[in-house]
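Engineer: need a 3D model of the following:
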Amino acid sequence: MSDTAEDEIRRAERARLFLGDGIFQVAWAELDTRIDYAWKASAPADAARREELHQLHRAMTALSNILVGYVESGALLLHRLDDQDRERVAREM
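Structural biologist: Numbers count the residues shown, from 1 in each chain. Sure, this is the predicted structure:
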């Protein structure tokens, strides 16, 4: 299924709002801190636990990169639209 330019721009706006939401930012930072603390507190011999925490951290990074990518792609697409299309998309959002 291919998205239209308008779909991509709307997705970008939703991602921007989500990333900018204060409660999301606080919860994200808290989760990151907890994972980091748990990794540092884990025993070096507990390789399975350390690997699990490392994978959680990598998943957080991947999700963040996806959301930022949505924002950047939408901004680039919006920039490429001519003024008339930009105004129409803004009205529809």
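Engineer: contacts and neighbour counts: CA atoms only from here.
Structural biologist: Will do.
Engineer: tell me which element the residue nearest in space to the middle of the chain falls in.
Structural biologist: Per CA atoms, centre = their mean, the C-alpha nearest to the average position across the chain is that of L67, at 2.7 Å. Following DSSP states H and E, one finds L67 within helix 47-80.
Engineer: what's around Y70, how many residues?
Structural biologist: Neighbour count of Y70, defined by other CA atoms under 10 Å: 21.
Engineer: got it, and W39?
Structural biologist: Quick note: W39 (other CA under 10 Å) scores 19 neighbours.
Engineer: tell me how far the helix holding L67 lies from the chain's centre.
Structural biologist: From the chain centre to the centre of helix 47-80 is a distance of 5 Å (CA atoms, centre = their mean, to the nearest Å).
Engineer: report all helices and strands that it contacts.
Structural biologist: With contacts defined as 3 or more CA pairs under 8 Å, 6 or more residues apart in numbering; DSSP states H and E, helix 47-80 has these neighbours: helix 5-20, helix 22-41.
Engineer: quick one: that helix to helix 22-41, angle?
Structural biologist: When axes from the mean of the first three to the mean of the last three CA atoms, to 10 degrees is applied, the directions of helix 47-80 and helix 22-41 differ by 150 degrees.
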